[in-house]
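**Student:** Give the three-dimensional model of this entry:
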Amino acid sequence: MGLACQQCMARNSALCSAMDDKEIDYLFSFAHRVNVGEGAYLLHEEDSSQYVYNLSSGVCTLERLASDGRRQIMAFVYPGDFIGIISGPFYSVSVQALAPVTACRWNMKDLQGLYQSHPILEQKVHEIASRVLAVTMDQLFVLGRKNAVERIAYFLLYIDERQRKFDGHSDSFILPMTRIDIADYLGVTVETVSRAFSSLKSRGYIELSQAWVVTLKDRKGLREISEHISG
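**Tutor:** The predicted model follows:
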């Protein structure tokens, strides 16, 4: 099978799981494999939006730079997520690899040409794009209505859910992003992130090792914190 699709971490994603092996073979006959090292960029804001990507392994950030040079992380993307699906001629975000990343790349013109013969493909692509937008809207709500500890509780539950689909962990997992990444995602300082983690740890909700391994000791309590709306 082209590009070892059966072994790909994205094979059970919203897009690929809707297609049988023959359809997958056809779709990926148009694909090119792209490998990006840790810290490198898959694409840059303002680049021509001629390609779309399906992440096969690794984790990336979707980020933008403000006029003053500060970075805002819009989302974290995982295997199975499509990147680069926009309506305009240029990308509106940059995509950076948090660890070595493998992705499948299509020319947007080739992908659009497949929509007529495979309408389910267009439907699934738009569903995935809508999901990324929904996550971004959730983030805006979190930034606007919650304090730092509530934001971190929300963040940990979100990352736990995303990563569980691919590594099958129980209650412990390694965070692929740094404190700086988390701060740029949640709109707080690095010091605030550290204090919030320390607060959750001291209150018995989590354990946190020096290797950046998080153990969720009280999921119910974390969820109650994350769902609280500060006044």
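
**Student:** which ones are touching the residue most central in space within the chain?
**Tutor:** Geometric centre of the chain, nearest residue: residue 77, 1.7 Å, by Cα atoms, centre = their mean. Residue 77 makes contact with 55, 59, 60, 61, 62, 83, 95, 132 under the criterion Cβ atoms under 8 Å, 6 or more residues apart in numbering. Heads up, the C-betas are built off the backbone N, CA and C, glycines and all.

**Student:** what do you get if the cut-off is 10 Å, keeping everything else the same?
**Tutor:** 42, 53, 55, 58-62, 83, 95, 98, 101, 103, 132, 135, 162 (Cβ atoms under 10 Å, 6 or more residues apart in numbering).

**Student:** Can you give me the distance of it to residue 62?
**Tutor:** With distances taken as Cβ to Cβ, to the nearest Å, residue 77 is found 6 Å from residue 62.

**Student:** what touches both of these two?
**Tutor:** Common contacts of residue 77 and residue 62, defined by Cβ under 10 Å, 6+ apart, comprise 83, 95, 132, 135.

**Student:** For residue 118, state which of the residues you listed is nearest.
**Tutor:** residue 83 (20.0 Å; Cβ to Cβ).

**Student:** How about the contacts made by residue 57?
**Tutor:** 8, 9, 10, 35, 78, 79, 99, 100, 101, 102, 103, 166.

**Student:** quick one, strands of this structure?
**Tutor:** All strands of the chain, identified by DSSP state E, fall at 32-36, 41-43, 51-57, 60-65, 71-77, 82-83, 94-97, 101-107, 172-174, 206-208, 213-216.

**Student:** mind checking how far residue 161 is from residue 144?
**Tutor:** Distance from residue 161 to residue 144, by Cβ to Cβ: 22 Å.

**Student:** Same check on residue 198?
**Tutor:** Distance from residue 198 to residue 144, counting by Cβ to Cβ: 24 Å.

**Student:** and this structure, what are its domains?
**Tutor:** Per the record, the chain has its domains at 2-142, 146-226, by automatic domain parsing.
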